[in-house]
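**Q** Fold the stuff below for me.
(one chain, ligands or ions: 1)
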Amino acid sequence: MATLGFIGSGSIGTALARLAIAAGMDVVLSNSRGPQSLAQTVAELGERARAATPGEAARAGDWVVVSIPLSAYRQLPATALAGKVVLDTINYYPFRDGNVEVLDSGRTTTSELVQQHLTGAKLVKAFNNIGDLHIPALARPAGAADRTALPIAGDDPEAKASAAALIDQLGFDTVDAGPLNESWRFEPETTPYVLPYFAAPATPKAFWAAVSEAVHSGEHGQTPPKDPGAPLPGHRLRTLLAETPRVLTADRVLR
Ligand SMILES: NC(=O)c1ccc[n+]([C@@H]2O[C@H](COP(=O)([O-])OP(=O)(O)OC[C@H]3O[C@@H](n4cnc5c(N)ncnc54)[C@H](OP(=O)(O)O)[C@@H]3O)[C@@H](O)[C@H]2O)c1
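**A** So this is what the prediction gives:
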């Protein structure tokens, strides 16, 4: 039985854990506060789920999803993750994570920074450009005509193929966006980021301004609820990835 480990079990982690269980996998969840704090989530997910420490979740996973704020990336258990295929959902938001000069200047990408810390792990950026509510809304079985595609990026071709096979089981097609140094193509506020998965998107500026206002006024969540989502086919995602300009922190509305 395949096992998916999770470091970070919030909105994205639990959304992916549900899909993994539906696909017949076991899941091992972890967070910063310890396994006890995940008792209710584990009870809701059922007998295929258990909670552990980040190190244990890393060791147990055939793949490990890392889904935490960027500000905590240096606390990821690099030794336990060595040799693993790690799916990195992390986005950089200075209002939450603090400013990181090498990211603000565009000298590197968020996932390259995380990969530098995770020596020996094979990082694949994935699931960072879709809102948490659109994950269950758009997951479809393999072969469905209205399947949605997600971008992936990584430096290890075998790890990328392995991550793509996992994501296929979870309910999505993938489009290879290249190595990690190309993963800026689906970082925040680029063209493929979040909005193409909306059924009724606002203009990007208006959308991010509304999210920015909600976040800075203390309202929780970054994705306005109630949008049912719209399938994004692979050919359209490929075009969006190819055509997007790079969006540095200073160019963003939400930062
Ligand atoms: N929400 C979205 O729609 C969305 C979409 C795509 C990508 N993302 C990105 O994916 C990441 C997770 O987002 P989210 O919305 O799921 O966040 P979230 O709901 O706030 O959950 C964050 C999780 O990370 C855990 N965590 C924090 N520090 C940790 C540490 N040092 N070790 C282990 N676990 C730690 C938290 O555990 P505790 O609660 O115990 O601290 C929590 O389980 C972020 O980088 C976000 O930008 C989010």
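**Q** Only C-alpha atoms from now on, for both contacts and neighbour counts.
**A** Will do.
**Q** At the contact with the ligand, which residues of this structure appear?
**A** By CA under 6 Å from any ligand atom, the residues of the chain that approach the ligand are 7-13, 31-33, 54, 67-70, 72, 75, 89-91, 127-132, 223.
**Q** what about the strands in the stretch 151-255 of the chain?
**A** If you assign secondary structure with DSSP state E, counting those that start in this stretch, the strands in the stretch 151-255 of the chain sit at 173-176.
**Q** The stretch 1-150 of the chain too?
**A** Assignment of strands within the stretch 1-150 of the chain using DSSP E, counting those that start in this stretch yields the ranges 3-7, 26-29, 49-51, 63-66, 85-88, 122-125, 149-154.
**Q** got CSV for these, with mean neighbour count and mean pLDDT too?
**A** Formatted as CSV, the strands of the stretch 1-150 of the chain follow (neighbours: other CA atoms under 10 Å; pLDDT from 0 to 100):
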stretch, mean neighbour count, mean pLDDT
strand 3-7, 27, 99
strand 26-29, 26, 99
strand 49-51, 22, 98
strand 63-66, 27, 99
strand 85-88, 26, 99
strand 122-125, 28, 98
strand 149-154, 26, 99
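**Q** a markdown table for those strands, including distance to Phe198?
**A** Listed next are those as a markdown table, based on distance: least, CA to CA, whole Å:
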| stretch | distance to Phe198 |
| --- | --- |
| strand 3-7 | 26 |
| strand 26-29 | 28 |
| strand 49-51 | 30 |
| strand 63-66 | 24 |
| strand 85-88 | 22 |
| strand 122-125 | 21 |
| strand 149-154 | 13 |
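**Q** Now do the contacts for Gly10.
**A** Taking CA atoms under 8 Å, 6 or more residues apart in numbering as the criterion, Gly10 is in contact with Ser67.
**Q** I'd like to know how far it sits from Gln40.
**A** Applying CA to CA, to the nearest Å, one obtains 13 Å for the distance of Gly10 from Gln40.
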